[in-house]
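[1] build the 3D model from these lines:
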Amino acid sequence: MSQVVINLDAEEQLRLHRVAAAERRTEQKLCPEAIRQYLRAREPAPSRPLDNANPLFRMIGLVKKGPSDTSACHDPRPEDPS
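    The predicted structure follows:
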């Protein structure tokens with residue numbers, strides 16, 4: 001682990017001290033947790049698999065009836081079920 005110096009004004013120091021006292025923890029224990037939460041909130045979302053990236057992909061397979069070649073023959077044909 002490495003150490004980082006953080007400069008707080010008097011109000012911030014007092015607030016940190018109060019939170020630490022209320023939680024019965026040290027200020028040194030609160031700071032790394034707060035930094036982890038801060039960084040996690042700003043990390044980019046993990047990349048999703050291709051099938052979840054586009055909502056249209058989730059529609060594939062939802063319909064059991066109908067023409068199977070709709071992408072090639074998108075105009076309705078008389079023999080297709082309604």
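
[2] alpha carbons only for contacts and neighbour counts from here, please
    Noted.

[3] could you point out which element follows the helix or strand of the chain with the lowest mean pLDDT?
    Least confident element among the helices and strands of the chain, by mean pLDDT, DSSP states H and E: helix 50-53 (a mean of 61). Going down the chain from helix 50-53, the next helix or strand is helix 55-59, by DSSP states H and E.

[4] which one's the longest helix in this protein?
    helix 27-42 (DSSP state H).

[5] same question for that helix, mean pLDDT?
    Helix 27-42 shows a mean pLDDT of 92.

[6] list the contacts of that helix.
    Here helix 27-42 makes contact (C-alpha atoms under 8 Å, 6 or more residues apart in numbering) with Leu16, His17, Ala20.

[7] what about Val19, neighbour count?
    By the criterion of other C-alpha atoms under 10 Å, Val19 has 14 neighbours.

[8] again with His17
    Residues near His17, counting by other C-alpha under 10 Å: 16.

[9] shaky segments in this protein?
    47-53, 66-77, 80-82 (pLDDT under 70).

[10] relative to Glu33, how far out is Arg40?
    With distances taken as C-alpha to C-alpha, to the nearest Å, Arg40 is found 11 Å from Glu33.

[11] can I get the CA coordinates of the longest helix of the chain in CSV?
    What follows is helix 27-42, C-alpha atoms only, in CSV (Å, rounded to 0.1, in the frame of the first residue of the first chain):
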residue,chain,number,x,y,z
GLU,A,27,-10.6,8.5,10.0
GLN,A,28,-7.8,6.5,8.5
LYS,A,29,-10.2,3.6,7.9
LEU,A,30,-13.0,5.8,6.4
CYS,A,31,-10.8,7.5,3.8
PRO,A,32,-9.8,4.4,1.7
GLU,A,33,-13.4,3.2,1.7
ALA,A,34,-14.6,6.7,0.5
ILE,A,35,-11.9,6.7,-2.2
ARG,A,36,-13.0,3.2,-3.4
GLN,A,37,-16.6,4.3,-3.6
TYR,A,38,-15.6,7.5,-5.4
LEU,A,39,-13.5,5.6,-8.0
ARG,A,40,-16.1,2.8,-8.5
ALA,A,41,-18.8,5.4,-9.3
ARG,A,42,-16.6,6.9,-12.0
